[in-house]
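>>> pasted the sequence and its predicted model underneath.
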Amino acid sequence: MPGAELFDGALAVGAATVALAGLVRGLAGFGGALVMVPILSLLYGPAPAVAITIVIELVGYLQLLPGAARAIRWREVAPM
């Protein structure tokens with residue numbers, strides 16, 4: 001079957017790692033990257049692991065941005 005080589009054991013372990021990191025982040029509110037980066041680094045190397053983690057975390061944070069932007073006290077934050 002074409003493309004079968006894409007679905008190997010590393011992908012399954014990586015997907016399970018990302019799911020575990022999502023659970024940790026959902027329960028604690030942080031720490032998803034602390035779970036993802038070390039394990040993904042073993043599977044794919046450090047640079048791809050960090051890039052994958054940034055993309056995954058960015059998607060999660062972008063969903064929180066509209067609500068957070070409404071709650072910010074811009075007069076206090078802007079000088080920083």
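Yes, it's here. Here the structure is a predicted model, which means the values were calculated and not measured.
>>> I'd say residue 44 and residue 10 touch.
Yes - at 7.3 Å, residue 44 counts as touching residue 10 under the criterion of Cβ atoms under 8 Å. (Glycine included, C-beta is placed from N, CA and C.)
>>> in the helix of greatest length in the chain, which residues are buried?
Longest helix in the chain by number of residues (criterion: DSSP state H): helix 46-71. Within helix 46-71, the residues that count as buried by 16 or more other Cβ atoms under 10 Å are 49, 50, 52, 53, 56.
>>> so who does residue 57 touch?
32, 33 (Cβ atoms under 8 Å, 6 or more residues apart in numbering).
>>> what's the answer for residue 24, then?
Per Cβ under 8 Å, 6+ apart, neighbours of residue 24: 31, 32, 34, 35.
>>> now do the helix or strand where residue 37 lies: which elements does it pack against?
Under the criterion of DSSP states H and E, residue 37 resides in helix 32-44. The helices and strands touching helix 32-44, judged by 3 or more Cβ pairs under 8 Å, 6 or more residues apart in numbering; DSSP states H and E, are helix 9-28, helix 46-71.
>>> in that helix, what counts as buried?
Buried, per 16+ other Cβ under 10 Å, within helix 32-44: 32, 33, 35, 36, 37, 39, 40, 41, 44.
>>> need the buried residues of helix 46-71 in TSV (columns: distance to residue 18 and pLDDT).
Below are these laid out as TSV (distance: Cβ to Cβ, whole Å; pLDDT from 0 to 100):
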residue	distance to residue 18	pLDDT
49	11	94
50	14	96
52	8	93
53	9	94
56	6	91
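>>> follow-up on the earlier one: and residue 80, which of the helices and strands packed on helix 32-44 is closest to it?
helix 46-71 (15.3 Å; Cβ to Cβ).
>>> what's the offset of that closest one from the middle of its chain?
Here helix 46-71 is found 7 Å from its chain centre; the criterion is Cα atoms, centre = their mean, to the nearest Å.
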